[in-house]
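Give me the fold of what follows.
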Amino acid sequence: MVEFNHPSISIKRQAQLLGIHRTSVYRQSKGQTESSENIMLMHEMDMLYTAHPYFGYWRMTTKLREKGFESTTLNWTIKLRSSRLNTKFGYTAY
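Residues are numbered from 1 along each chain as shown. Take a look at the predicted model:
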């Protein structure tokens with residue numbers, strides 16, 4: 001993408017041409033991955049949302065609790081996790 005040793009185009013100019021910030025050229029991506037518990041939760045949320053797209057945050061949380069997604073290894077409440085994942089998926093109640 002960016003050539004650090006390009007003879008005529010500076011790194012700053014290359015970043016401008018690519019439409020990215022120069023700092024992102026130097027910074028390595030962390031490659032964040034979801035935990036296996038979050039993957040299971042996301043799968044269950046996807047199934048619930050597909051079956052019931054009108055479920056809002058509260059109903060989704062209640063159904064997840066009924067299915068046993070209460071305790072977490074990161075000590076987050078199911079409320080915060082489902083809210084974050086709803087936002088990540090872009091789910092909205094209809």
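
what about residue 42, how many neighbours?
Using other CB atoms under 10 Å, residue 42 has 16 neighbouring residues. For the C-beta atoms, the positions are set from N, CA and C on the backbone; glycine is no exception.

by contact count, what packs against the one helix or strand it maps to?
Residue 42 belongs to helix 36-51 when assigned by DSSP states H and E. In this structure, helix 36-51 makes packing contacts with helix 57-66, helix 78-89, judged by 3 or more CB pairs under 8 Å, 6 or more residues apart in numbering; DSSP states H and E.

what's the offset of it from the middle of its chain?
Distance of helix 36-51 from the chain centroid (CA atoms, centre = their mean, to the nearest Å) equals 13 Å.

hang on, the earlier thing: could the helices and strands packed on helix 36-51 go into a markdown table alongside mean pLDDT?
Shown next, in a markdown table, are the helices and strands packed on helix 36-51 (pLDDT from 0 to 100):
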| stretch | mean pLDDT |
| --- | --- |
| helix 57-66 | 79 |
| helix 78-89 | 69 |
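
Kindly reformat the ones you listed as a markdown table containing distance to residue 10.
Below are the helices and strands packed on helix 36-51 laid out as a markdown table (distance: least, CB to CB, whole Å):
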| stretch | distance to residue 10 |
| --- | --- |
| helix 57-66 | 48 |
| helix 78-89 | 37 |
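
Select, out of these, the one closest to residue 35.
helix 78-89 (10.4 Å; CB to CB).

follow-up on the earlier one: is it possible to get CSV of the helices and strands packed on helix 36-51 that adds mean neighbour count and distance to residue 35?
Formatted as CSV, the helices and strands packed on helix 36-51 follow (neighbours: other CB atoms under 10 Å; distance: least, CB to CB, whole Å):
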stretch, mean neighbour count, distance to residue 35
helix 57-66, 15, 16
helix 78-89, 16, 10
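
of all these, which lies closest to residue 23?
Among the helices and strands packed on helix 36-51, helix 78-89 sits nearest to residue 23 (CB to CB), with 24.7 Å.

burial count for residue 36?
Residues near residue 36, counting by other CB under 10 Å: 9.

From residue 24, how far out is it?
Per CB to CB, to the nearest Å, residue 36 is found 29 Å from residue 24.
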